[in-house]
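Peer 1: Okay, here's the prediction I keep looking at, along with the sequence it came from:
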Amino acid sequence: MNLFRTKSVEQSMADADEPGRKLKRSLSTWDLMIMGVAVAVGAGIFSVGAKAAANFAGPAVTISFAIAAVTCALAIMCYAEFATAIPVAGSAYVFTYATMGEVLAWIIGWNLILELFTAGAVIAKYWGIYLSKVFALMGLDVPPSISLGGIDLYWGAFLIVAIFTVLLVLGTKLSARVGNVFTLIKIAVVLFVIVVGFTYVKFENYSPFVPASQPTGGTGTTDVLKQSFFGFLTGAAPAQYGTLGIFAGAALVFFAFIGFDVVATSAEEVKNPQKTLPRGIFGGLAIVTVLYILVSLALTGMVPYSKLAEAESPTLTTAFEAVGNNDAAKVIAFGSLVGLTTVIMVLLMGLSRVVLAMSRDGLLPRSLSKTSTIRATPARLQIICGAAVALVAGLTKVDLLEEMINIGTLSAFVMVSLGILVLRRKRPDLKPSFRVPFGKVVPVVSAVLCLYLMTNLAVETWIFFALWLVVGIIIYFSYGRRHSRLNEKFAEARASVSGPAAAGTGEPGTDEPSNVASEKVSRH
């Protein structure tokens, strides 16, 4: 079956220029930088940090953010080297296809769909809930959901997904301009939170900076499913805080850094990608890391972490309400709404680009990869993705799967980090404009850190992840492997070497091609 057949860099570049399936290069360094900030500064900064401080790390959540940022930075270096060597849509999926083979590329693409689809649906649902809170602050009672035949319909999710689906269909540059405006507004809100928050800081709230580890107080099945996979493997009793709590917090707040692998999916739409991609990605990462650390310092300095832990769903608003500043809480509610808005836009774009790349290769139906002749956007695919995200966000309890976003992202980071080593060995002739420093050290450290953070996610997250992989593997073997365009090339190579009789025997792709045929395909 030759599951590990690879697609050459040259073929990936050629496929990106296929008439009727190509994208328009229109994004600048500024657009990419803002895109990274747009997708990162959202739910993470307004809610996940408070949750990590309350339930896992205490004031040491600042270290959790730093660990997550370093992990992301190491992986993003690998993304940047790949993206400047292969500047096409698809991100980690395309990179894995060029280095480790088709079956692993499928798994990574499938995991990216998990990450982007789940994140889009979760955040669209939260957007609707925050919209109702903003209405409440204005004295209007507008519930976040309405009941239809006993089913709760979150109407806000449908509204925001529909708006940005239309914008993305009209053009990537137009949606980027709209996103720029929203992003600048929410950066202003975050700076307001930092400045006002520091006026309430009491240094005694930072003590103890790393709270002592303590048991969660339960021994049932639910408690075991909620504990980290690392704790489960080592036989540790379910606990929170302490050193392991810092890493558990890092695994959780990693959600706040998912934007930067999404930025890499836009490589095919970037002007002068060899220079623009590294600058845009690292510029955005630097901005959000500084903002996250300052917000986490303000948050844990305003109120004791134990106070945050008393809240059912702690957020930044919880801290400001605790110090009696309800006006700031109103600003945060507005900032959360604006922040989530641009996150949804970038996630919807990233989702469609990953599916576009996979469908170009035939692993998903080829009809999905067609682009508009006028605007050079995957209009049909964007509408399908938008409709699917809206339905799941509006009709299901998708928020229960939040951590699936992180495990999908981290698994892709691992493959990209290791893939750089393979690419350098297989294609030493490639000269990307950005190269990860310190040889093999950074990619290996990046892969190890990402794997470790994955083990700090909950046991139930790993169970859901395993089920998702099983479904993906079934789809690959029942559809993707047989319809793969690379599979067709292998069949053609066999035919040219073995003659018509051999080409007509058996199903294409079910037998390993000869060495001569393999060599011919690798040169394509």
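Peer 2: Ah, there it is. Numbers count the residues shown, from 1 in each chain.

Peer 1: Output the host helix or strand of residue 157 as CSV, nothing but the C-alphas.
Peer 2: Element membership of residue 157, judged by DSSP states H and E, is helix 155-170. Provided in CSV are the C-alpha atoms of helix 155-170 (Å, rounded to 0.1, in the frame of the first residue of the first chain):
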residue,chain,number,x,y,z
TRP,A,155,-28.7,32.0,17.7
GLY,A,156,-25.6,34.2,18.2
ALA,A,157,-23.4,31.4,16.8
PHE,A,158,-25.4,31.3,13.6
LEU,A,159,-25.2,35.1,13.3
ILE,A,160,-21.5,35.6,13.7
VAL,A,161,-20.5,32.5,11.6
ALA,A,162,-22.8,33.6,8.8
ILE,A,163,-21.3,37.2,8.7
PHE,A,164,-17.7,36.0,8.5
THR,A,165,-18.5,33.2,6.1
VAL,A,166,-19.8,35.9,3.7
LEU,A,167,-16.8,38.1,4.2
LEU,A,168,-14.4,35.3,3.6
VAL,A,169,-16.2,34.3,0.4
LEU,A,170,-15.9,37.9,-0.8
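
Peer 1: Can you list the buried residues in it?
Peer 2: Judged by neighbour count using 16 or more other C-beta atoms under 10 Å, the buried positions of helix 155-170 are 155-158, 160-161, 164-165, 167-170. Yep, even glycine has a C-beta here, placed from its N, CA and C like the rest.

Peer 1: helices or strands next to that helix in the packing?
Peer 2: helix 102-137, helix 172-198, helix 326-360, helix 379-395 (3 or more C-beta pairs under 8 Å, 6 or more residues apart in numbering; DSSP states H and E).

Peer 1: same question for the second one, mean pLDDT?
Peer 2: Same thing as helix 172-198. The predicted model gives helix 172-198 an average pLDDT of 81.

Peer 1: The stretch 351-500 of the chain: helices as residue ranges?
Peer 2: 379-395, 402-426, 441-455, 459-475, 481-483, 485-498, 500-503 (DSSP state H, counting those that start in this stretch).

Peer 1: er, the stretch 201-350 of the chain I mean
Peer 2: Going by DSSP H, counting those that start in this stretch, the stretch 201-350 of the chain shows helices at 221-226, 229-234, 242-253, 259-264, 273-302, 305-310, 316-322, 326-360.

Peer 1: Return the residues in contact with residue 18.
Peer 2: For residue 18, the contact set (C-beta atoms under 8 Å, 6 or more residues apart in numbering) comprises residue 360.

Peer 1: I'd like to know which of the helices of the stretch 351-500 of the chain is closest to residue 370.
Peer 2: helix 379-395 (6.3 Å; C-beta to C-beta).

Peer 1: now what about the helix holding residue 157, what contacts it?
Peer 2: 120-121, 124-125, 127-129, 131-132, 144-146, 174-175, 178, 341, 344-345, 348-349, 352, 372, 375, 377, 379, 382-383, 385-387, 389-390, 393-394.

Peer 1: what does stretch 468-478 give?
Peer 2: Here stretch 468-478 has contacts from 103, 106-107, 110-111, 114, 363, 404, using C-beta under 8 Å, 6+ apart.

Peer 1: now with 6 Å?
Peer 2: 106, 110, 114 (C-beta atoms under 6 Å, 6 or more residues apart in numbering).

Peer 1: Find the nearest non-adjacent residue to the second one, please.
Peer 2: Setting aside the residues directly before and after it, residue 110 is nearest to residue 472 in space (C-beta to C-beta, 6 or more residues apart in numbering), at 3.7 Å.

Peer 1: what's the answer for the last one, then?
Peer 2: Closest residue to residue 114 apart from its sequence neighbours, by C-beta to C-beta, 6+ apart: residue 408 at 4.1 Å.

Peer 1: mind listing what the closest residue to residue 464 other than its chain neighbours touches?
Peer 2: Nearest non-adjacent residue to residue 464, counting by C-beta to C-beta, 6+ apart: residue 404, 5.9 Å away. Residue 404 is in contact with 114, 118, 464, counting by C-beta under 6 Å, 6+ apart.

Peer 1: hmm, try it at 10 Å
Peer 2: 111, 114-115, 117-119, 122, 398, 457, 461, 464-465, 468 (C-beta atoms under 10 Å, 6 or more residues apart in numbering).

Peer 1: If you rank those by neighbours, which is first?
Peer 2: residue 119 (33 neighbours; other C-beta atoms under 10 Å).

Peer 1: What about residue 320, how many residues nearby?
Peer 2: Neighbours around residue 320, by other C-beta under 10 Å: 25.

Peer 1: per-residue confidence for it?
Peer 2: pLDDT, residue 320: 83.

Peer 1: about what we covered before: quick one: the residue nearest to residue 114 and residue 254 touch, right?
Peer 2: No: taking contacts as C-beta atoms under 10 Å, residue 408 lies outside contact range of residue 254: 11.2 Å.

Peer 1: The two: which is more packed in?
Peer 2: A count of neighbours by other C-beta under 10 Å puts residue 254 above the other of residue 408 and residue 254, at 31 against 25.

Peer 1: Verify the stated contact: the more buried one with residue 64.
Peer 2: Yes: judged on C-beta under 10 Å, residue 254 makes contact with residue 64 at a distance of 9.0 Å.

Peer 1: Return every residue with contacts to both of the two.
Peer 2: residue 52.

Peer 1: Next, the angle from the one helix or strand residue 97 maps to to helix 102-137.
Peer 2: Using DSSP H and E, residue 97 falls within helix 92-99. Angle, helix 92-99 to helix 102-137, by axes from the mean of the first three to the mean of the last three C-alpha atoms, to 10 degrees: 170 degrees.

Peer 1: Helix 92-99 to helix 402-426, inter-axis angle?
Peer 2: 30 degrees.

Peer 1: what's near enough to touch residue 208?
Peer 2: Taking C-beta under 10 Å, 6+ apart as the test, what residue 208 contacts is 58-60, 241, 305.

Peer 1: Counting neighbours, which of those residues comes out on top?
Peer 2: residue 58 (31 neighbours).

Peer 1: where does this structure have its least confident helix or strand?
Peer 2: Within the chain, no helix or strand scores below helix 515-523, which has a mean of 42 by mean pLDDT, DSSP states H and E.

Peer 1: what is the rounded mean pLDDT of stretch 470-485?
Peer 2: Average pLDDT, stretch 470-485: 92.

Peer 1: So which bits of that stretch are buried?
Peer 2: Applying 16+ other C-beta under 10 Å to stretch 470-485 flags 472, 476, 480-481, 483-484 as buried.

Peer 1: And stretch 133-149, by the same measure?
Peer 2: Quick answer for stretch 133-149 (16+ other C-beta under 10 Å): 133-134, 144-145.

Peer 1: Next, count neighbours for the residue nearest to residue 480 when sequence neighbours are not counted.
Peer 2: Distances taken as C-beta to C-beta, 6+ apart put residue 363 closest to residue 480, at 3.9 Å, once the chain neighbours are dropped. Each residue near residue 363 was counted by other C-beta under 10 Å, and the total is 27.

Peer 1: In contact with residue 363, which residues?
Peer 2: 93, 97, 102, 105-106, 109-110, 355, 357, 475-476, 479-481, 483-487.

Peer 1: who's in contact with residue 58?
Peer 2: If you count contacts by C-beta under 10 Å, 6+ apart, then residue 58 has 52, 64, 205-212, 240-242, 245-246, 249, 300, 304-306, 308-309 around it.

Peer 1: I would like a PyMOL command selecting only the buried ones among those, please.
Peer 2: Entered in PyMOL, the line below selects the buried ones among the contacts of residue 58, by 16+ other C-beta under 10 Å:
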select buried, resi 52+64+205+206+210+211+240+241+242+245+246+249+300+304+305+308+309
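
Peer 1: Excluding covalently adjacent residues, which one is nearest to residue 289?
Peer 2: Among residues not flanking residue 289 along the chain, residue 69 sits closest, at 4.3 Å (C-beta to C-beta, 6+ apart).

Peer 1: and that neighbour, what helix or strand is that in?
Peer 2: helix 61-85.
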